[in-house]
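Participant: Quick one, fold the following:
(2 chains)
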Amino acid sequence: MTNDAVPDSDHISRLCAPKHIEEGKIQATAFQLRIRKDRKEDHLSVNWVEYFKCENKEEALTKIRKILSKKLGLAKKAQLALLNVGETREQVKINSPDKRELEIRHAPTQDPSHAGIFNLKQDDELIAELILETIIETHPAQQPKV
Amino acid sequence: MLIKYGRKNKMSTLREKTEIITTDSNIHYISDMPFSSAWNKGLVHEFVSPSKSWKVRFNTTTEGENEILPDWPERLHPSTQTDILDDQNFLNHLLFQIKIDLPIPYLDKLVKRLYTLIQDAKEEDPDSCGINTGSLESFFAFFKRYPTLKYPSITLTPDNNIYTSWRGEGGRVFSIHFLPSLNVRFVIFRPNDKHPGRMILFSGEATIDCLFGEALLKEKIDWI
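Facilitator: From the prediction side, this is the model:
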């Protein structure tokens, strides 16, 4: 259902653009909101990995890549960061000065697996660094050639 | 492009590296980059360089001396110049200043990284100039003030401000978000010496000239 919370046991993937990556390592800027008035954001866009009910993670990431490549185009150096919803929410809540409770909600658009990380603020560098530390693994955004 | 320079100015270090030409209107170029200078009121000139042409408007300064961009990369007071450099040109100027005036041992690597970031940002948004010039000014001023810091990871925020991050042992993190007007926001993670296994996390905002002084007080950031 739209706007339902993504279960804590599930996973999300965040598309990280090349400008947020140096020497293959994603940095906290990949988890910051856009602040510019004309393009202000109130959530970080992610994909709900378990939405597609695939047999395995690779199959799900393939579907996500297909959707993202149609929607955005995927740069060669871009990466997908995989996070566990519950772990990310817990780490941010425990370690943030204001005990921030992130909300990760299903928010389908033309992309049915689209979800958002809500309750972020415009100057949340510390929260972004905390989210960064909960990345489980990273994958190339472009489909690897077999 | 070689340019021959004939007027007295403060750009002696540049003169050693490049010859600079002035015109009767006191415009001079270094590698196609126009610099603001003492202006003659009301004149508009078009100058053609091998690769670009520029239209610039002039105003007089109170002392009538050449005003050369100072070492400190702050823009000149608006009452003394009315330059119409757009962001892209100003970005090019800042990058040139960084290349010639930043006394750090990893300068080549840093400059290469900045150009890569510009390219990455432009691929995402062809209309952007790449890096927010206000942020790059603050970044330049910071590394000029603290040239002995280790090379950090350098990325761009979603709005194309520069963000640097140093990571050390024990989960140490020191990250700086470079804002315009010599402001920065910073984040620090470090081990809690009194409670092993736990971390101290804090963030704040300061100007670059007091970041390692009043802003961080007794916080020892000696691992960067």
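
Participant: Kindly confirm my reading that B:Asp127 is in a strand.
Facilitator: No - counting by DSSP: H, G, I helix; E, B strand; the rest coil, B:Asp127 is not part of a strand but coil.

Participant: and it, what does it touch?
Facilitator: Residues counted as contacts of B:Asp127 (CB atoms under 8 Å, 6 or more residues apart in numbering or on different chains): none. Where C-beta positions appear, they are placed from N, C-alpha and C, glycine not excepted.

Participant: got it, and A:Gln143?
Facilitator: A:62, A:65-66, A:69.

Participant: That one and chain B: what is the separation?
Facilitator: 19 Å (CB to the nearest CB, to the nearest Å).

Participant: now swap in A:Ser69 and tell me
Facilitator: Taking CB to the nearest CB, one finds A:Ser69 at 15 Å from chain B.

Participant: Who are the packing partners of the worst-scoring helix or strand of chain A on mean pLDDT?
Facilitator: Counting by mean pLDDT, DSSP states H and E, chain A has its least confident helix or strand at helix A:57-71, which shows a mean of 93. For helix A:57-71, the elements it packs on are strand A:11-16, strand A:43-48, strand A:79-84, judged by 3 or more CB pairs under 8 Å, 6 or more residues apart in numbering or on different chains; DSSP states H and E.

Participant: then the second one to PDB, C-alphas only?
Facilitator: This file holds the C-alpha atoms of strand A:43-48, laid out as PDB (Å, rounded to 0.1, in the frame of the first residue of the first chain):
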ATOM      1  CA  HIS A  43      13.000  12.700   1.200                       C
ATOM      2  CA  LEU A  44      15.800  10.600  -0.200                       C
ATOM      3  CA  SER A  45      14.700   8.300  -3.100                       C
ATOM      4  CA  VAL A  46      15.500   4.600  -2.700                       C
ATOM      5  CA  ASN A  47      14.200   1.400  -4.100                       C
ATOM      6  CA  TRP A  48      12.400  -1.300  -1.900                       C
END
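
Participant: beta partners of A:Gln79?
Facilitator: With DSSP bridges as the criterion, A:Gln79 is bridged to A:Cys16, A:Pro140.

Participant: In chain A, where is pLDDT below threshold?
Facilitator: Across chain A, the ranges flagged by pLDDT under 70 are A:1-2, A:37, A:39, A:146.

Participant: quick revisit: export the helices and strands packed on helix A:57-71 as TSV, with columns for distance to B:Arg190 and mean neighbour count.
Facilitator: Output for the helices and strands packed on helix A:57-71, formatted as TSV (distance: least, CB to CB, whole Å; neighbours: other CB atoms under 10 Å in any protein chain shown):
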stretch	distance to B:Arg190	mean neighbour count
strand A:11-16	26	23
strand A:43-48	26	22
strand A:79-84	24	22
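
Participant: Format the ones you listed as JSON lines; extra columns: distance to B:Leu91.
Facilitator: Shown next, in JSON lines, are those (distance: least, CB to CB, whole Å):
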{"stretch": "strand A:11-16", "distance to B:Leu91": "24"}
{"stretch": "strand A:43-48", "distance to B:Leu91": "27"}
{"stretch": "strand A:79-84", "distance to B:Leu91": "27"}
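
Participant: Quick check: which of these is nearest to A:Glu55?
Facilitator: Across these, A:Glu55 has its closest neighbour in strand A:11-16 (14.6 Å, CB to CB).

Participant: and the closest one, what other elements does it pack with?
Facilitator: strand A:43-48, helix A:57-71, strand A:79-84, helix A:85-95, strand A:135-140.

Participant: Check which residues of the second one are buried.
Facilitator: Residues of helix A:57-71 classed as buried by neighbour count (16 or more other CB atoms under 10 Å in any protein chain shown): A:60-61, A:63-65, A:67-68.

Participant: Kindly report the same for the last one.
Facilitator: Neighbour-count burial for strand A:135-140, counted by 16+ other CB under 10 Å, picks out A:135, A:138-139.

Participant: That one packs against which elements?
Facilitator: Secondary-structure packing of strand A:135-140 (3+ CB pairs under 8 Å, 6+ apart): strand A:11-16, strand A:79-84.

Participant: Identify all contacting residues around the last one.
Facilitator: If you take CB under 8 Å, 6+ apart as the criterion, strand A:79-84 is touched by A:8-16, A:21, A:24, A:26, A:30, A:46, A:49, A:57, A:61, A:64-65, A:131, A:134-141.

Participant: give me that answer again for 7 Å
Facilitator: A:11-16, A:21, A:26, A:30, A:61, A:134-141 (CB atoms under 7 Å, 6 or more residues apart in numbering or on different chains).

Participant: Likewise for the first one?
Facilitator: By CB under 7 Å, 6+ apart, the list of residues contacting strand A:11-16 from outside reads A:6, A:26, A:30, A:44, A:46-50, A:61, A:64, A:68, A:78-85, A:104, A:115, A:141.

Participant: Recalculate using a threshold of 6 Å.
Facilitator: Contacts to strand A:11-16, defined as CB atoms under 6 Å, 6 or more residues apart in numbering or on different chains, come from residues A:26, A:30, A:46-47, A:49, A:64, A:68, A:79-85, A:141.
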